[in-house]
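Undergrad: Here is my input; please provide its structure:
(chains A, B and C)
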Amino acid sequence: MSNLQVSTTYILTHLGLIFFLYPSDVIDSTNEAQWLPVLTGFVFHLLIIFVYLKGLRYFQGESIVNILLRKNKIVAWAVLLPMLLYLSWIMIIAVRSFSEVISIAFLSNTPIWILILLLLLVPGFMTLHGKIGGLLRLSIMFSCLFVIPIVFVLATSFQNVDWHYLFPLWPGPRALHFLTHPSFYKSLFAYSGGFLLLGFLPSYTVYKPKAVFWGSLVILPSYLIAVYVPVLTLGEESARQLQFPYLFIVDTISINWLMFDRINVFLLLSLVAFCMFFIAATMFQILEIVRLGIKDISPNFLVPILITYSLIICLFIPDWKTVDLLFQWNTPLRLYVACVTPVVVLVIGWLHARKLKRELNST
Amino acid sequence: MTMLSGCWDNKDINHRALPIAMGISYQNGKYKIYLDIPKVSERNAGIQVITATGDSVSSAVDNISMNMESQLDLLHLKVIIVDKTFAHRGLDEIVDSIIRSRHVSPKTMFVICDEPLDQFFKRINNPSNGDGNEIYDFFQKNSGWNPEIAYTPVWKVFRSIHSYTHDVVLPVIQSGETTAIQSNGSGILKNGKMVGRLSNEQTLLYNVFNGISLDGKIEVTGKATLQLVNSHIRHQTKLDNKNPEMYCTLHLNVIILDATGHPSTKEIKLELQTLLQRRLEQLLQKVQRTQADIFGIGQHFRNDLTRTELANWRTEYYPHVKINLKVITTIRNTGNLKLP
Amino acid sequence: MAAIDEVNVYFSSYPDFVHQKLQIASETFTIAGLKSLINFPQTMYMVRDPLLSAAINRLELLDIFTGLGQAIALDTNTIISEISDGMLIAVHDATGKVISIYPVPQPNSRSISLPTMENNVGGSNSAFNEDLNSNLVLLRSHLNDNDLRIKTYSFGNDKKNTVMLCFSEQTIDPTLLDTLTQKLEANLNTEISNLKELSSVFQFSKFSLVTHYMTHELPQNAVRAIKNGRAVLFIERLPFAIILPSLVSDMFITEDDLNHPPVFSWMLKILRIIGSLTTLIFPGLYVALVSVNPDVLRFELAHSIARSRLDVPYPAIIEALLLLGIMELIMEAIIRLPTSIGPTVTMVGGIVLGQAVVDAKLVSNLLIIVLAAATIANATVVGFQNSYTLRLSKYLLLILSAFLGVLGLLSGLVILCAYLAGVRTLGIPYLQLIRAKGD
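TA: Have a look, this model is predicted:
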């Protein structure tokens, strides 16, 4: 049961991120053969979770904060502080950008602060009321509730696809050109957003690494669909013009027998639920770092403080351009966290195992 | 409850005006907008046509919503009718603003009107025509739509504007004598500008060629009328030193509706082959002259051409395209009467 | 024999107190008891018969007498409490020996009969009733298992009541059992005669929106719960088994399903899930689509809804709340009304009022359909406690929808899910399927 819970949690936290900004970043990063950046990103993602889980396996049932803090404090904070900063940063960006998406998509009349508040209060309630056990169980319930609309929309989004846009499959000598494009590194957020959570789970539940890898296999098609459906329907040139290519494509689907005219509402709503879940998971990670690393303050105080701070910062972000800029600035920090954290955990774990072995031999 | 009425602009559905069609005409640097709003009333009677002018489309719409008694909501807009002058001038700006604003669904149909919009809206607004939704029903796939009519939503026009290899045709209509609306074939749109016309029959061929399975009628001259039941088409391509060639196999599944002079099924098949070949040839020549790739032929050569070559598809390759059409007809049945 | 006299004085005003002498051979016995609780003629026969035969066979009368029941101290308070509990007290006058005899009781509950609140289609039909013993009989006959453990607690100092805890040693989650017995044993002094008092013993939140226990009248449901590792409580004079903890699956799965072919039982489960979603979402969806997001609807539908709401003078949320209020009133009234006039009121409320309200242009036609669907769907879930949860939470969704449209509807659903995911009963998470496990 807990393996399944971890898998679904892992899937949901990523699904919430894939369909909004990711497609346009990937389409920007290359002119053709979009599968290359997608798969490169995915392999990068598999690599970091492999190293990360390997490192965590050396310590049974310990949270990453405890693992790091048991050794050198300076090393620990060199990892934890960027992590804390990164998590709060990504939470604020997520809240701000999703509120903007919602406002564009279906609530243009509602003041933006209401949407921001909603996107903070609901996840706040999730973390406060359910704790991590509640979040894990919630992931199962969400997947039961929303899997039907998501799969339905994903399947119907192929309605207007022109498969000729798939070609050429191999772009020739400029194949790896995307690696030099900043948009590619920006797109990596869709892979690195949720993996840190895995380090916080061991102290609450036991799971096999296999569960995570299965989960990431399930989301691979969503990465491809999110990028390829807009490209296949509109072609690269037109898809590049769009802010949210996938959402636009879903808007072009027409189904005669449905009583609803705009199918993308189903997709958007499901995704908003997943986003709330993602924000709640991020909040939980921030709480864990603060409580285990700095001071054990009751979540009843921490969560409201976190919400208020985030709300104020979100209100200071005036427009979409700033959000995009923050996103771009976030890239180096993201790469640092995604690369350094797993490696440090692995090294500490390896040293720990060697020490244990030596102690075992000496006795 | 004060919050409900205060800071949110949530207006109930019966306080919103939901236009189904919008007409846009361009005269002397000014846009004139026509909105076709079905009346919400007990008896479901008729439509209301509202007009306004402005320097841009959105300012004209603003003018209307300022003067309306209920909130104007363009989200249910189904058809946008433009007049010919506007279509010749170019639709790219209006398409861009539609895609940007999200107030109009990208599924909205684009239609060109053959007569002045004033006259058109006056005549379709005639209460004897029916409940006022004709313009909407006319393009509905499950009610009035016909394979002789092109079906082009806004997003396809948007795609064609930015695409190297895809152009579209828009239906051309005018108000009819006995029916509310009459189809006058379609207009070829290249990069958002209207550059030529197709007849109704050519539009049918266009639809068949683009693989839309449909149930149109084909008249084989002097021999028979056939009902298309099902069609699918296969393409094979060859690029021979800047001379793209295309081999198409069209599988037609037909039912014979009427036959004159007792032709044999073989004769009918042969006649159909030559007829379609001739028509396609004419059609191709016509569109090649305008350099508008409405069949999306360039799509089939994406694997053979590099991206920069593809960017010049319309000017360098497209005029040299040759299509070899082979028609394989299956006459599913001949109705109640036997044929030799 | 001062003690006996005191007892006599204590009970002197009781009309059902019986106090008489019994002479067997040379010995005199005093017998006392409450005839409202004891079937006296039969009990007298039961007491007198062994004594007489002993006298005839010249056995030691006193030995036989002490063998009739349990010896207790000659103490006024003890005797009074024994008599109050429905025991027969016999005193040997010569030695002052007091024996408390378990008498033939007066029948004080209905016989085992059909369930009144729970309907079932395929299963057994005898229901629990007010008597603890017959409940135990039913439970044991449905579950002939060596693992079945039964613990009895006597609650209350002045007003006493018996509570019986049944569970299966093998399947129950140990932490659940621990907290359960600890909580029960720590509160032996409080009185438990209803579910509210039980909840306060277990310290369930007063503001909880989901029920922490299920009540079942049918023994097969209780047995299924025991097999799945849950605890079953019986409170004296409450005609149902209380199953702790309740899980989310209790809304959708009943023991009765197992008597149907699997395909149909799955169909029924899915129907109940659809029903619960319908009752939650429909009213909110109506409000969201009518007042905030009409663009989601197809044009034809939007147009016809607009026409049906043509002269309705207030926003959709008020309209919906108005009619929902009336619906709740009707539902509450039906429970209070005698069965003889219940259907009439339902008809007047439902048909006449509904039609009149539409004709008077107070609400739209569609809303009536939406509300009827929601109300009917509300009844598909298993257990009336669970239907209360849905009945209340649909207002959360309704209000949020009025503010934020479909997004509000979704947030309501998310909040509800998050709430359910966080609820625990005695350390057991609510959001589990069949087995009750701690985490």
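
Undergrad: From the contact counts, what lies against the helix or strand encompassing residue A:324?
TA: Using DSSP states H and E, the element containing residue A:324 is helix A:320-362. Where contact means 3 or more C-beta pairs under 8 Å, 6 or more residues apart in numbering or on different chains; DSSP states H and E, helix A:320-362 is packed against helix A:35-57, helix A:64-69, helix A:73-105, helix A:182-187, helix A:189-192. (Glycine included, C-beta is placed from N, CA and C.)

Undergrad: Stretch C:282-297 vs chain A: in contact?
TA: Yes: between stretch C:282-297 and chain A, judged by C-beta under 8 Å from any C-beta of the partner chain, the touching residues are C:292, C:293, C:295, C:296, C:297.

Undergrad: Would you confirm that the first one contacts residue C:406?
TA: To tie it back to what came earlier, the one meant is residue C:292. Yes: taking contacts as C-beta atoms under 8 Å, residue C:292 lies within contact range of residue C:406: 7.4 Å.

Undergrad: And the residue of the stretch 1-150 of chain C closest to chain A?
TA: residue C:147 (24.0 Å; C-beta to the nearest C-beta).

Undergrad: and residue C:152, what element?
TA: Residue C:152 belongs to strand C:148-155, assigned by DSSP H and E.

Undergrad: With distance to chain C as added columns, please give the helices and strands packed on helix A:320-362 in TSV.
TA: Listed next are those as TSV, based on distance: least, C-beta to the nearest C-beta, whole Å:
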stretch	distance to chain C
helix A:35-57	20
helix A:64-69	20
helix A:73-105	6
helix A:182-187	27
helix A:189-192	22
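
Undergrad: Between those helices, which one is closest to residue C:197.
TA: Closest approach to residue C:197 among the helices and strands packed on helix A:320-362 is made by helix A:64-69 (43.5 Å; C-beta to C-beta).

Undergrad: buried ones in that closest one?
TA: Neighbour counts over helix A:64-69 (16 or more other C-beta atoms under 10 Å in any protein chain shown) mark A:64, A:65, A:66, A:67, A:68, A:69 as buried.

Undergrad: Report the mean per-residue pLDDT for it.
TA: What helix A:64-69 shows for mean pLDDT is 86.

Undergrad: for stretch C:253-264, same thing?
TA: Per-residue scores along stretch C:253-264 average to 87.

Undergrad: That one: end-to-end distance?
TA: 12 Å (C-alpha to C-alpha, to the nearest Å).

Undergrad: does chain A sit close to it?
TA: No: Stretch C:253-264 stays clear of chain A (C-beta under 8 Å from any C-beta), getting no nearer than 14.5 Å.

Undergrad: about what we covered before: okay, now the residue of the stretch 1-150 of chain C closest to chain A: neighbour count?
TA: 13 (other C-beta atoms under 10 Å in any protein chain shown).

Undergrad: Tell me how far it lies from residue C:181.
TA: Using C-beta to C-beta, to the nearest Å, residue C:147 is found at 17 Å from residue C:181.

Undergrad: the longest helix in the chain is where?
TA: I'll assume chain A. Within chain A, and with DSSP state H defining each element, the longest helix by residue count is helix A:112-156.

Undergrad: Sorry, I should have been clearer: chain B.
TA: helix B:265-290.
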